[in-house]
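A.B. asks: sharing a model that was predicted from the sequence below.
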Amino acid sequence: MLNHIFESIGKILEWSGGSDASKTVMDILANIFGKIEGK
């Protein structure tokens, strides 16, 4: 479930620019989701 949400956010960020800034946001989100899933 979280993976689906994560992918959706990734697509939105790609549409909004796909710049280095969005990659940084993706890294932050990956860390947050990782903690939520306990990995």
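C.D. replies: Thanks, I have the structure now. Numbering: from 1, shown residues only.

A.B. asks: ok, residue 9 to residue 20 distance?
C.D. replies: Residue 9 sits 17 Å away from residue 20, going by CB to CB, to the nearest Å. For the C-beta atoms, the positions are set from N, CA and C on the backbone; glycine is no exception.

A.B. asks: and the two? Which one has more around it.
C.D. replies: Neighbour count, other CB atoms under 10 Å: between residue 9 and residue 20, residue 9 has more, with 15 against 8.

A.B. asks: secondary structure element for the more buried one?
C.D. replies: helix 2-15 (DSSP states H and E).

A.B. asks: next structured bit after the helix or strand of the chain with the lowest mean pLDDT?
C.D. replies: Least confident helix or strand of the chain, by mean pLDDT, DSSP states H and E, is helix 2-15 with a mean of 76. Per DSSP H and E, the first helix or strand lying C-terminal to helix 2-15 is helix 20-37.

A.B. asks: who are the packing partners of that following helix?
C.D. replies: helix 2-15 (3 or more CB pairs under 8 Å, 6 or more residues apart in numbering; DSSP states H and E).

A.B. asks: and the helix it packs on, what's buried?
C.D. replies: 10, 13 (16 or more other CB atoms under 10 Å).
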